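Student: Prediction below, plus the sequence it came from.
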Amino acid sequence: MNNIFTYTGNPFVDAGITAMLVWLGKEKPEDIEDYEVKNLIDEITDLYTKDGWNKIMYSIFPNSKLTNPSVKDKKGEYTKFLNELLSEVTVLGNGGNCIACGRRNYKRQFTKTQVPLTGTSDFINFFSYGKEGADYCSVCALAIQFSPLIFYKAGNLVCLQSNNKEAEKIYANKCKTFIDMQKATKNYTGCNDEGYTNPVNALFHLASDIILTYDRRDWQKDNTNIRLYYFTNFNQPPIDNLSIFDMPDKIFKFLAYALQHEEKDNWKKVIKRGYISTKKVNLEDEEKYKNLRNDVYERLLRGESILGYFVDTSERKTLVGWSFLEYYMKGVRGLEEKRLETIKRVSDDIAELIKAKGNVRRLTQLETAKTYGEFRNVLRLVIKDRINAGFERPLFTIDEYEKYLFPEGNLSWKETQDLIIFRLYEQLHNWLTGNEEIKEIVIGEESDNEIEKEELSYE
Ligand SMILES: [Zn+2]
């Protein structure tokens, strides 16, 4: 009998199916046979009753045959329960009222004792139609019993889900390797635990692991998003025990780009700058910082810009190259190619002028402009400088100004400023630091600023 399992979209059912696929070395859920599941039942009952695992079962299947102290033969009772489910297995139909697969009818209801994050049967009004549990068919309930094999411990438990089933399998394979190691050493410690307690950092760690497992794989061809269900299923309050963390595919692709790029070490420096701490942290020792909040990660997940982390303003230098920045701006921020090209060309012209005239003041003015009007006026001064210096090509056309430099005027000016500053640092850093004379101008600049202010008039 095959065609029993199929992906359902339910994270716990699908995690169980993924675990079975990896343990059985199979490709598709539909390929799993019922007799193969029977063999796996032995494996999980054995594992779940080992000390390190049994402890975790309290927060996955509370009050179950596995954890209830009144049950003496835990292994025997749980095996009986699994075999009961197995005996009720039927092939996928065309319809049914199971809330996970919708392809079979439920035979009985399940509570959080067998299915995490449902409810207890005392709360009848918690379940639809006032029933005493959730309507899962026996096959989906059986699949869920395998899901702990690939849970990850990060403080609470993590159930990982991805639209890209290959990514899920790469992750599940890591869990299998981890459990195989426990079996070989007879040291049973429970679900994979690498010392993460911060779920956002755990998400980036797991995604990075998936990416790097196939170093040369072209992740850019797939759309891969990763979702973490971060949960506990304790029988006690707090009831509110689920958080969801999403990594959208454009962030996953960017991470894959960054980790496989020749500048990956620079990217790691950018990440390190993102850790938030009130005291000085030793960034050589990962154990010391891995659970601190990271502003770069959090911004990426919130859809906010991390452009500021790509430059070191105190040293006037960039941490990554323009092409890296370009990928980020296009892939993650959705910036038009033509806009980036124009900003780059204009910045290069400004850099050329600053070098030719030795006028670092203009750089300072561009850096410190606080409003759209102020910034525009500095650009006007640059245009004037260029005409005085005999440059013939205009800095930009009206068309370029309106379409590409400040397409939304006030709304987009800050992003344009940040990009121009980035490119100026990239072009000028060596010149600024390698030239003694320039250093003096930089230092003597403060007093000149006063005079310059008169030049800044507003429209
Ligand atoms: Zn089902």
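Tutor: All right, it came through fine.

Student: What pLDDT is listed against the closest residue to residue 138 other than its chain neighbours?
Tutor: What sits nearest to residue 138 in space, not counting adjacent residues and going by C-beta to C-beta, 6 or more residues apart in numbering, is residue 88, at 3.7 Å. Glycine gets a C-beta too; all of them are placed from N, C-alpha and C. We note a pLDDT of 97 for residue 88 in this prediction.

Student: ditto for residue 131
Tutor: Residue 131 is given a pLDDT of 86.

Student: what residues are up against the residue nearest to it when sequence neighbours are not counted?
Tutor: Excluding its sequence neighbours, the residue lying closest to residue 131 (C-beta to C-beta, 6+ apart) is residue 109, at 5.5 Å. Contacts for residue 109 were tallied using C-beta atoms under 8 Å, 6 or more residues apart in numbering; they are 121, 127, 131-136.

Student: Quickly note the distance from the residue nearest to residue 138 to residue 127.
Tutor: From residue 88 across to residue 127, the span is 20 Å (C-beta to C-beta, to the nearest Å).

Student: between these two, who's got more neighbours?
Tutor: Of the pair residue 88 and residue 127, residue 127 is the one with more neighbours under other C-beta atoms under 10 Å, namely 19 against 15.

Student: The more buried one and residue 119 touch, don't they?
Tutor: Yes. Counting by C-beta atoms under 8 Å, residue 127 does reach residue 119; the two are 6.3 Å apart.

Student: between these two, what contacts are shared?
Tutor: Common contacts of residue 127 and residue 119 (C-beta under 8 Å, 6+ apart): 133-134.

Student: which of the residues in stretch 296-314 are buried?
Tutor: For stretch 296-314, the neighbour count (16 or more other C-beta atoms under 10 Å) marks 296-297, 299-300, 305-307, 309-311 as buried.

Student: what's the answer for stretch 361-376, then?
Tutor: So stretch 361-376, judged by 16+ other C-beta under 10 Å, has buried residues 361-366, 369, 372, 374-376.

Student: Likewise for stretch 340-356?
Tutor: By 16+ other C-beta under 10 Å, the buried positions in stretch 340-356 come out as 340, 342-347, 349-351, 353-355.

Student: about what we covered before: which of the contacts of residue 109 tops the neighbour count?
Tutor: Neighbour counts for those (other C-beta under 10 Å) peak at residue 136, which has 29 neighbours.

Student: wait, doesn't that residue sit right on residue 98?
Tutor: Yes. Using C-beta under 8 Å, residue 136 makes contact with residue 98 at a distance of 5.7 Å.

Student: overlap in contacts of those two?
Tutor: residue 106.

Student: which stretches of the chain form strands?
Tutor: For the chain, the strands defined by DSSP state E occupy 152-154, 156-162, 192-193, 226-231, 242-247, 311-312, 317-318.

Student: what would the ones you listed look like in TSV with mean pLDDT and distance to residue 264?
Tutor: TSV is the format used below for the strands of the chain (pLDDT from 0 to 100; distance: least, C-beta to C-beta, whole Å):
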stretch	mean pLDDT	distance to residue 264
strand 152-154	96	24
strand 156-162	97	22
strand 192-193	96	24
strand 226-231	97	19
strand 242-247	96	18
strand 311-312	96	18
strand 317-318	97	16
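
Student: Identify whichever of the ones you listed lies nearest to residue 3.
Tutor: strand 156-162 (22.9 Å; C-beta to C-beta).

Student: now residue 327: how far from the ion?
Tutor: Per C-beta to the ion, to the nearest Å, residue 327 is found 42 Å from the ion.

Student: ok, now residue 182?
Tutor: As judged by C-beta to the ion, residue 182 and the ion stand 30 Å apart.

Student: State the number of residues packed around that residue.
Tutor: 17.

Student: Excluding sequence neighbours, find me the nearest residue to it.
Tutor: The shortest distance from residue 182 to any non-neighbouring residue, by C-beta to C-beta, 6+ apart, is to residue 188 (5.1 Å).

Student: tell me the phi and psi of the one you found?
Tutor: With angles defined as degrees, to the nearest 10, residue 188 sits at phi -90, psi 110.

Student: give me every residue that touches it.
Tutor: Contacts of residue 188 (C-beta under 8 Å, 6+ apart): 47, 50-53, 182.

Student: can you give me the helices in the stretch 301-450 of the chain?
Tutor: 322-327, 337-357, 360-368, 372-388, 398-400, 413-433, 436-455 (DSSP state H, counting those that start in this stretch).

Student: Now do the buried residues in the fourth one.
Tutor: For helix 372-388, a neighbour-count test (16+ other C-beta under 10 Å) marks 372, 374-379, 381-383, 385-386 as buried.

Student: Pick the one among the residues you listed closest to the ion.
Tutor: Using C-beta to the ion, residue 372 comes nearest to the ion of those, at 57.2 Å.

Student: hang on, the closest one packs against residue 405?
Tutor: No. Using C-beta under 8 Å, residue 372 is not in contact with residue 405, being 11.2 Å away.

Student: so can I have TSV of the strands of the chain showing distance to residue 143?
Tutor: What follows is these, written out as TSV (distance: least, C-beta to C-beta, whole Å):
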stretch	distance to residue 143
strand 152-154	18
strand 156-162	13
strand 192-193	20
strand 226-231	16
strand 242-247	20
strand 311-312	49
strand 317-318	49
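
Student: The ion is nearest to which of the ones you listed?
Tutor: strand 156-162 (17.0 Å).

Student: from the chain's centre, how far out does that closest one sit?
Tutor: Strand 156-162 sits 13 Å away from the centroid of its parent chain (C-alpha atoms, centre = their mean, to the nearest Å).

Student: about what we covered before: which entries in the buried residues of stretch 296-314 are shared with the contacts of the ion?
Tutor: The subset of these within reach of the ion, by C-beta under 5 Å from the ion, is empty.

Student: can you name the two of those residues that are farthest apart?
Tutor: Longest span within these, C-beta to C-beta: 297 and 311, 18.6 Å.

Student: Run through the residues that contact the residue of the stretch 351-459 of the chain found nearest the ion.
Tutor: Ranked by C-beta to the ion, the top residue of the stretch 351-459 of the chain for proximity to the ion is residue 415, at 48.2 Å. Shown in contact with residue 415 (C-beta under 8 Å, 6+ apart): 305, 307.

Student: Read off the pLDDT value for it.
Tutor: With respect to pLDDT, residue 415 has a value of 93.

Student: wait, doesn't residue 231 sit right on residue 241?
Tutor: Yes. Between residue 231 and residue 241 a contact is recorded at 5.8 Å, counting by C-beta under 8 Å.

Student: now the residue of the stretch 351-459 of the chain closest to the ion: how far from residue 285?
Tutor: Taken as C-beta to C-beta, the span from residue 415 to residue 285 is 36 Å.

Student: now residue 36
Tutor: For residue 36 relative to residue 285 (C-beta to C-beta), the value is 45 Å.

Student: quick one, which of the two is more surrounded?
Tutor: The neighbour comparison of residue 36 against residue 285 (other C-beta under 10 Å) goes to residue 36, with 14 against 9.
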